[in-house]
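Asker: After the sequence you'll find the predicted model.
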Amino acid sequence: MSNQAHITPPSYWPIIGSVGLFVFALGIVNWLHKEPLGVYAIAAGAAILLYMMYGWFREVIEENMAGLGKDPQVESAFKWGMIWFIFSEVMFFATAFATLFYIRLFIIPWLAGDYMGHEITHYILWPHFEMQWPLYTTPDPSMFLGPLKTVNTWEIPALNTLILLTSGLTITVAHWGIIRSDRNMALTGQALTILLGLIFLTLQVYEYTEAYHVYDLKVNSGVYGNTFFLLTGLHGFHVFLGTVMLICIWARIYLAHFTPAYHFAFEAVAWYWHFVDVVWLILFVFVYWI
Amino acid sequence: MSDHAAEGVMGNISRWLTTTNHKDIGTLYLLFALLMFLVAGFMALMIRAELFQPGLMFMQPNFYNQMVTLHGLVMIFGAIMPALAGFANWQIPLMIGAADMAFPRMNNWSFWILPAAFSLLFMSYFAPGGWPNFGWTFYAPLSSTYGPPSTDFMILSIHLMGISSIMASINIVATVVTMRAKWMEYMDMPIFVWSWFITAFLLISIMPVLAVTVTMLLFDRHFGTSFFNAAGGGDPVLFQHLFWFFGHPEVYVLVLPAFGIISEVVPTFARKPLYGAKFMIYAIACIAILSFIVWVHHMFTSGVMAWIKIFFMITTMIVAVPTGIKIFNWIGTLYRGAVSFEPPMLFALSFIVLFTIGGFTGLMLGVVVADYQYQDTYFVVGHFHHTIVSGVYFSILAGVYYWLPKWTGRYYSFRLANWHFWLSTISVNLTFFPMYFLGLIGMPRRIPDYNIQFTDLNMLASVGALIFGLTQLIFVWLLIENIFFSKGEKASSKVWDEPRGLEWTVPSPAPHHTFMTPPDPLPEQ
């Protein structure tokens, strides 16, 4: 590399992305307000955003294939960028978990009159409310009806734990494949990981359907339902995004984009996948198990 | 470069829409911040006009509440934060010897999300019921059960601002870590760069918290959840915990880069190196860490247990220690320095004095038993306006006056700048000092009407606010004159007497591309 700094040419992708975000956000608001155009605006915004992502990522990939990706500074910047992006996601989930712990450790006992001499709230508001978790009976069942039953820890959730842990292994197999220039091994490992991600998502959808129709466990079934769907929903959305990323990386392995020395895009997605995996383990323990 | 070859109106528009140049993007951030500052400042003047006399004068209480909400949201997210991000964009690459930011396209996107976010916020006026009306803190249930439809616009707008802030911060971290000139160790970095480096970590930590919180709010509003409703087992106080876990570090997001600017300006005009530079860096880091464990001091009257209040009172007091170190070190820098009083220095000195007042009143508010008396009175309003207007805003002015000749290549009118300084400093105190006394004698916040014994002090504050508002037009004129009319003496590359830093080694105005090859180290001091 020469000593001369690389200058990124002007780009239309960011402004296209801003327009997409604006239309998308406006669509969501209008959809919430039951305006007829809302759904179309959401679809249009999403389409613009997808177009932007396709074009922008293609440009970055082309630049990196042309040699920029071998610049140690550029590679290091991508690494730091990915690390701190994942850290922001950590804070995302930390907030959701903090909400769960706060409700379980402080609010439910408090409302049940069982918290360090704060019985008065209990007697004034809902004297019949009793402490329990999962919360089958909310303080005011006329406003928020609790669930009939909750998801059995040792059925789908345990199976999903196994699936995600296995996918952590298969993505490592794919990594070995790239490092050893064994394209078939890389493609197989990556494909297995994608498959496991898709199975996870399918089981999660099945679990949601069952929760809604059989257990009466809904997003509005009091705080148990709220926190259950907040945490599993956020996580499921991340698994979905991760799976899409894995598919893109599979295509890039297929197109022979990676060399044993330069394959940071693969590593970034692998980091992301492991992160989603770790979040699931915490989620399995605190949402499904105890 | 081809990006300068664009011609004509369309060419110009597309240049600013598509730019990947850190200086262009810095300029965009600063101009956007100025526009938002004028809009939100106008709202503040409407508030002060209403409060000039008791009785409802110009507006209905609901519209007054809308003004209070929008003034807060737009000033914090639309004016102060983008202004500081503008400084980061202009100065960080110049100060560490980099050609640009690490992710130039993402940098452009971080900026251009902001106009989209604020369009969304402003257009919510057309939703039934008008703008949000519950204050910038949007406590549940005011924003959940009782929030007007425009609340949803605000929530989505906050999501967009969050995306913008997180991307800008990741960009700053990646730039500082990977793009410093080879010889520049972390402890060699200019203090302004350090302050933004730490601020970026704060932003990456807290913006996701706000994003999840507003998402839960959205679900409470539309999908029947009860996160912030005790009837379903949730808790409205949970909202306050989450909001202030974001909100307290957020105020340090505003003030840490301000500390950075002041720490650049004071040594230049005292003609001495910054006293205790290492401790200044440690102090910033300490303040940032402490900012995560003080949030309950915003909630002393919200129903938290006594021992928790005591804990948070103590941590709040501890923040005064690193902040005190900073104040003492600025004074230590001035001690026996060859001090001169150019406009940036005037604002910096004013900052040191007035921010100290704002900080001390913050300590008063942080004492639990005293807070029972002060909370929700004008004392609180006086406190945070002294820290943000005569603190952060003054530091932004100091920064603009300090670096403007570097950006535009010409000195601005010192005469106008001095007028701007003296009128601002006098009127800012005329506006906010009476608020402490109003608070102590019991005038509540967020009320369009008041009892007649509060009239005199309110009139004083309103007159001060009007003078302060008009004074800022001097600043706008000064900028127009400097940027568009090319008035004023040409600046040398050093601009000031003996300023220290890589930005003073490039010509003024700084060329479109700087440090295409890494710079040599500065000579030892």
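Answerer: Great, that's in hand. Because the structure is predicted, anything quoted here is derived from the model rather than measured. Numbers count the residues shown, from 1 in each chain, chains lettered A, B, ... in the order given.
Asker: Next up, the contacts around the residue nearest the centre of chain A.
Answerer: Against the mean C-alpha coordinate of chain A, by CA atoms, centre = their mean, the closest residue is residue A:238 at 1.7 Å. Neighbouring residues of residue A:238 by CB atoms under 8 Å, 6 or more residues apart in numbering or on different chains: A:89, A:276, A:279. (C-beta placed from N, C-alpha, C; glycine too.)
Asker: Am I right that it sits in a strand?
Answerer: No - assigned with DSSP: H, G, I helix; E, B strand; the rest coil, residue A:238 falls outside any strand and is helix.
Asker: any idea how far the closest residue to residue B:398 other than its chain neighbours lies from residue B:422?
Answerer: Ranked by CB to CB, 6 or more residues apart in numbering or on different chains and with sequence neighbours excluded, the top spatial neighbour of residue B:398 is residue B:347, at 3.8 Å. Distance from residue B:347 to residue B:422, counting by CB to CB, to the nearest Å: 11 Å.
Asker: which one of these two has more residues nearby?
Answerer: Counted by other CB atoms under 10 Å in any protein chain shown, residue B:347 and residue B:422 do not tie: residue B:347 has more neighbours, with 29 against 13.
Asker: The more buried one and residue A:95, how far apart?
Answerer: Distance of residue B:347 to residue A:95, given as CB to CB: 37 Å.
Asker: for residue A:58, same thing?
Answerer: 34 Å.
Asker: okay, the two: which has more neighbours?
Answerer: residue A:95 (23 against 11).
Asker: residue contacts, the more buried one?
Answerer: So residue A:95 contacts B:208-209, B:212-213, B:242 (CB under 8 Å, 6+ apart).
Asker: In chain B, which helix is the longest?
Answerer: Longest helix in chain B by number of residues (criterion: DSSP state H): helix B:236-270.
Asker: Packing partners of it?
Answerer: helix A:72-102, helix B:81-96, helix B:191-222, helix B:277-290, helix B:306-334, helix B:343-366, helix B:378-387, helix B:394-408 (3 or more CB pairs under 8 Å, 6 or more residues apart in numbering or on different chains; DSSP states H and E).
Asker: make it 7 Å
Answerer: helix A:72-102, helix B:81-96, helix B:191-222, helix B:277-290, helix B:306-334, helix B:343-366, helix B:394-408 (3 or more CB pairs under 7 Å, 6 or more residues apart in numbering or on different chains; DSSP states H and E).
Asker: Please identify the most buried of the ones you listed.
Answerer: Neighbour counts (mean count of other CB atoms under 10 Å in any protein chain shown) averaged over each of the helices and strands packed on helix B:236-270 peak at helix B:81-96, with a mean of 27.
Asker: what's in contact with that one?
Answerer: Residues outside helix B:81-96 that contact it (CB atoms under 7 Å, 6 or more residues apart in numbering or on different chains) are B:22-23, B:25-26, B:29-30, B:32-33, B:99-101, B:107, B:114, B:168, B:172, B:175-176, B:179-181, B:184, B:189-190, B:192-193, B:196, B:254, B:257, B:261, B:396, B:399, B:403, B:407, B:501-503, B:506, B:510, B:514.
Asker: Looking at those residues, which are in strands?
Answerer: Residues from the contacts of helix B:81-96 lying in strands, with DSSP state E as the criterion: none.
Asker: Which secondary structure elements does the least confident helix or strand in chain A by mean pLDDT sit against?
Answerer: Least confident element among the helices and strands of chain A, by mean pLDDT, DSSP states H and E: helix A:119-124 (a mean of 86). Helix A:119-124 sits against helix A:108-111, with contacts defined as 3+ CB pairs under 7 Å, 6+ apart.
Asker: check whether the helix it packs on contacts chain B.
Answerer: Yes - on the criterion CB under 7 Å from any CB of the partner chain, helix A:108-111 is in touch with chain B at A:108, A:111.
Asker: residues making contact with that helix?
Answerer: Under the contact criterion CB under 7 Å, 6+ apart, helix A:108-111 has outside partners A:115, A:118, A:121-122, A:126, A:129, A:131, A:133, A:135, A:139, B:230, B:233.
Asker: now these in CSV, with distance to residue A:208 and neighbour count?
Answerer: Below are these laid out as CSV (distance: CB to CB, whole Å; neighbours: other CB atoms under 10 Å in any protein chain shown):
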residue, distance to residue A:208, neighbour count
A:115, 33, 18
A:118, 36, 15
A:121, 34, 15
A:122, 33, 21
A:126, 29, 20
A:129, 28, 21
A:131, 27, 15
A:133, 21, 14
A:135, 19, 26
A:139, 25, 27
B:230, 27, 23
B:233, 21, 32
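Asker: and of the residues you listed, the nearest to residue A:72?
Answerer: Closest to residue A:72 out of the contacts of helix A:108-111 is residue A:133 (51.2 Å), distances taken as CB to CB.
Asker: Spit out the contact partners of that closest one.
Answerer: Each residue near residue A:133 by CB under 7 Å, 6+ apart is listed here: A:104, A:108.
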